[in-house]
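Chemist: only geometry, no sequence info:
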């Protein structure tokens, strides 16, 4: 139960990049007042809808019909996002050493198994391509694009840069990450030059 609740906390507090509900931090730098107003309107409509449903349905029905599915969805989104951006050998870049390409190749393709990969439109096992070509490759082409990326990198002797981790027991993996690495930064992983 902790993980979906932490996802809720992340949405509100926005650690580390800025809030999704309260508009502050690096995520909102450079955005216009109109974009922030549109985001605020979206949040207000979502909160009003949830409040109306709660008032109309009552607490028990709201919990079963709305909150239980939200908790499942939140767990899934949190888990997938966290695992795609963390690995044992992952590097952390400072503002001075980060580049778009370096960041993209620190993301991880995770193989959750044939059916889960297929049902999720290959967003988990095609995540590196998503980061590299997010404006060019639609989700229904991620599988082919990932295969082409792997082949091209191998041919150029760059295969070591691509990360694919088999993660069939994904719920156990997120619990392991939560227990061992939560908010822990290993200084050996930080690239300062």
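Modeler: Structure received. Computed from a predicted structure; not experimentally measured.
Chemist: secondary structure class for residue 137?
Modeler: Using DSSP: H, G, I helix; E, B strand; the rest coil, the structure places residue 137 in coil.
Chemist: need the contact list for the residue nearest to it when sequence neighbours are not counted.
Modeler: Distances taken as C-beta to C-beta, 6 or more residues apart in numbering place residue 145 nearest to residue 137, at 4.7 Å, with adjacent residues excluded. Any C-beta I mention is one placed from the backbone N, CA and C, and that applies to glycine too. By C-beta atoms under 8 Å, 6 or more residues apart in numbering, the residues touching residue 145 are 126, 129, 133, 137.
Chemist: for residue 132, give me the pLDDT.
Modeler: Note on residue 132: pLDDT of 92.
Chemist: now the strands for the protein?
Modeler: For the chain, the strands defined by DSSP state E cover 92-93, 109-111, 164-166, 190-191.
Chemist: okay, those strands, which one's buried deepest?
Modeler: strand 109-111 (a mean of 21; mean count of other C-beta atoms under 10 Å).
Chemist: quick one: strands adjacent to that one?
Modeler: Applying DSSP bridges, strand 109-111 is found paired with strand 164-166 (parallel).
Chemist: got a list of contacts for the partner strand?
Modeler: 87, 108, 109, 110, 111, 125, 150.
Chemist: run the chain-centre distance for it.
Modeler: Relative to its chain's centre, strand 164-166 lies at 16 Å (C-alpha atoms, centre = their mean, to the nearest Å).
Chemist: then stretch 49-67?
Modeler: 27 Å.
Chemist: now it: buried residues?
Modeler: The neighbour-count check on stretch 49-67 (16 or more other C-beta atoms under 10 Å) flags residue 62 as buried.
Chemist: please apply the same query to stretch 140-150.
Modeler: In stretch 140-150, counting by 16+ other C-beta under 10 Å, buried: 141, 142, 143, 145, 146, 149, 150.
Chemist: mind checking how far the last one is from residue 162?
Modeler: Right, the one you point to is residue 150. Going from residue 150 to residue 162 by C-beta to C-beta, to the nearest Å gives 6 Å.
Chemist: tell me how far the most centrally placed residue in the chain lies from residue 107.
Modeler: Geometric centre of the chain, nearest residue: residue 81, 2.4 Å, by C-alpha atoms, centre = their mean. Relative to residue 107, residue 81 is positioned 10 Å away (criterion: C-beta to C-beta).
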